[in-house]
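Undergrad: kindly generate the corresponding structure for this input.
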Amino acid sequence: VGSGAFMKTEQQARELAVMMNKIGKLGNKETVCVLTNMEEPVGYAVGNMLEIQEVVESLKGNMPEDVKEVVLELGAYIIKLAGKGENLEENKNMILKAIEDRAGYHKFLELVERQGGEIAYITGEKEWKKAEYSLPVVSEHTGWVQELDGEQVGKLSVELGAGRMKKEDGIDHSVGIVLHKKVGDKAEIGDMLATIHANNEQIGKQAVERLREIYIIANESVEKHKVVLG
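TA: Residues are numbered from 1 along each chain as shown. All right, here's what the predicted structure looks like:
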């Protein structure tokens, strides 16, 4: 729920959750709906290859805190609904252990391989194809990030080529955005707010200016967003 989600308000999200639970009941399936915050992007990467790289790093234990919170919450309920553990906290510890001992990472490799994917990119034997241009978005103000509109960041990634403007469009897997500062983080003048990855220099430069506008910097400290809302 939030700017980057289909449900913009918590009330809309709760109404949808009630409906989904009713559908689950009709299908004789126990159903749990978790409301998660999409006012800003979850994690730091926005874009196909960049997000997969973040997935791989997360499975190796280098997981952004907001991603971890969502993964543990959803995962704990999935384990419960599968009949593999009633205690949610114990289930979360099972997930953390699977990440710590690399069981999750190796399962991911297996899934990719069985679907015909090339795991050499994940293991590091082959290098990912990077975008031609890597452009910094530098802060022009000192303060705290107050707002980072998830929908606007998503639209910007589409303009870079990471998504389709119309269904006939192709997708450029190498382009996107890596965020370095998120809501609640302090930024000094000259700090890197984000990096734009582009294959068209002009579009990339336009994206730098647009993203700088999307970042709202406040003079007073700002609390980080709560990720799991209910």
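Undergrad: let me know the secondary structure of H197.
TA: Of the three states, H197 takes strand under DSSP: H, G, I helix; E, B strand; the rest coil.
Undergrad: that one: what's its closest spatial neighbour, skipping adjacent residues?
TA: Spatially, and ignoring its direct neighbours in sequence, H197 is nearest to A131 (3.9 Å; C-beta to C-beta, 6 or more residues apart in numbering). Using the backbone N, CA and C atoms, a C-beta is placed for each residue, glycine as well.
Undergrad: just to check, the one you found is in contact with I177?
TA: No: the criterion here is C-beta atoms under 8 Å, and A131 misses it with I177 at 10.7 Å.
Undergrad: what is in contact with these two at once?
TA: H197 (C-beta atoms under 8 Å, 6 or more residues apart in numbering).
Undergrad: Provide the secondary structure category for the residue nearest to G104 when sequence neighbours are not counted.
TA: Among residues not flanking G104 along the chain, A98 sits closest, at 4.5 Å (C-beta to C-beta, 6+ apart). Counting by three-state DSSP, the backbone at A98 sits in helix.
Undergrad: from what I can see A98 touches H106, true?
TA: No: with contacts counted by C-beta under 8 Å, A98 stays clear of H106, the gap being 9.6 Å.
Undergrad: who's in contact with D66?
TA: By C-beta under 8 Å, 6+ apart, the contact set of D66 is 42-43, 182, 225, 227.
Undergrad: now do V153
TA: V153 sits next to 4, 40-41, 46, 177, 179, 211, 214 when contact means C-beta under 8 Å, 6+ apart.
Undergrad: how much space between it and K182?
TA: 10 Å (C-beta to C-beta, to the nearest Å).
Undergrad: joint contacts of those two?
TA: Common contact partners of V153 and K182 (C-beta under 8 Å, 6+ apart): 40-41.
Undergrad: how far away is N219 from L193?
TA: For N219, the distance to L193 equals 16 Å [C-beta to C-beta].
Undergrad: which of these two has more residues huddled nearby?
TA: Using other C-beta atoms under 10 Å as the criterion, N219 and L193 rank with L193 on top: 24 against 10.
Undergrad: what about L111, which SS state?
TA: Secondary structure state of L111, per three-state DSSP, is helix.
Undergrad: begin at 32 from here
TA: Happy to do that; since the first residue is 32 now, the last one works out to L142.
Undergrad: what about it, how many neighbours?
TA: L142: 11 surrounding residues under other C-beta under 10 Å.
Undergrad: returning to what we had before: what subset of the contacts of V184 is buried?
TA: Neighbour-count burial (16 or more other C-beta atoms under 10 Å) applied to those gives 35, 71-72, 77, 208, 210, 242, 245.
Undergrad: the residue minimising distance to the centre of the chain - nearest residue in space that isn't next to it in sequence?
TA: Against the mean C-alpha coordinate of the chain, by C-alpha atoms, centre = their mean, the closest residue is V73 at 3.5 Å. Spatially, and ignoring its direct neighbours in sequence, V73 is nearest to D97 (5.3 Å; C-beta to C-beta, 6+ apart).
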